[in-house]
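Visitor: here is the input, now give the coordinates:
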Amino acid sequence: MKNDSSMSALVLCTAMAFPAAAAPSPIAITTAQVADVLSDAGIKVSARQVTLLADVVASTGNPKLRVESMERWGDHRMRVRLACDSNTDCLPFLVAVNWSGDDAVPAGPASSTAIPPAKTGSDPFVMHAGSPAILLLDGEHVHIQLSVTCLENGAPGQTVRVVSKEQRRTFSAQVFSETVLKGRL
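Guide: Residues are numbered from 1 along each chain as shown. Below you'll find the model as predicted:
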């Protein structure tokens, strides 16, 4: 028994000497940070032209971001994939860059192609049944991106049903744009 009490005292002393460190809390990546990275890459945009498609967090306060890809996305937008230089800082993520309305077309790779005129008409739906889309599912500690097919027409803010590409799972999600839906886990 004396041996057990000596061991308990040793464990207690060790625990007091090395207190448990709290896990670092995630720090949100801002539209201003993304706009700065895009501007450095030659795409002059302001933070108000950038839309984060999900809550994006990093493990450090000022992670070094890089642009991985850019593509046209609708009439007056680009979809940009970004990532942290260190994969321990953040996961890759997508943003939308808008240049409609009073915003000028961003300088850089996207401005070299003609931009079609904005859609006109009375169709309030931006998402149509049978159309492919991206479903962004957010949970407390996870962000998932799935390719889905819409089962219903929907306007921004409405909830519609979608099915996974393998047609194994059906989800209800809120329409964010003509190709993006958001849901919760």
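Visitor: three-state assignment of residue 145?
Guide: Secondary structure, DSSP: H, G, I helix; E, B strand; the rest coil: residue 145 is strand.
Visitor: tally of neighbours for it?
Guide: As a burial measure, residue 145 scores 15 neighbours (other C-beta atoms under 10 Å). C-beta: built from backbone N, CA, C; applies to glycine.
Visitor: what does residue 182 give?
Guide: Neighbours of residue 182 using other C-beta under 10 Å come to 16.
Visitor: isn't it up against residue 133?
Guide: No - contact between residue 182 and residue 133 fails when scored by C-beta atoms under 8 Å: they sit 10.8 Å apart.
Visitor: now for these two: what residues contact both?
Guide: Counting by C-beta atoms under 8 Å, 6 or more residues apart in numbering, residue 182 and residue 133 have no contacts in common.
Visitor: what about residue 147, distance to residue 77?
Guide: Counting by C-beta to C-beta, to the nearest Å, the separation of residue 147 from residue 77 is 19 Å.
Visitor: do the same with residue 148
Guide: 19 Å.
Visitor: and for residue 154?
Guide: Relative to residue 77, residue 154 is positioned 18 Å away (C-beta to C-beta).
Visitor: these two: who's more crowded?
Guide: Regarding residue 154 and residue 77, a neighbour count based on other C-beta under 10 Å identifies residue 154 as having more, with 26 against 21.
Visitor: do I have it right that the more buried one meets residue 129?
Guide: No - using C-beta under 8 Å, residue 154 is not in contact with residue 129, being 9.0 Å away.
Visitor: centroid residue for this protein?
Guide: Centrality entry for the chain: nearest residue to the mean C-alpha point is residue 54, 3.6 Å, by C-alpha atoms, centre = their mean.
Visitor: hmm, it is touching residue 136, no?
Guide: Yes - contact criterion C-beta under 8 Å: residue 54 and residue 136 qualify, at 4.8 Å.
Visitor: now do the shared contacts for these two.
Guide: Common contacts of residue 54 and residue 136, defined by C-beta under 8 Å, 6+ apart, comprise 143, 182.
Visitor: and for the closest residue to residue 57 other than its chain neighbours, the neighbour number?
Guide: Distances taken as C-beta to C-beta, 6 or more residues apart in numbering place residue 26 nearest to residue 57, at 3.5 Å, with adjacent residues excluded. Neighbour count of residue 26, defined by other C-beta under 10 Å: 14.
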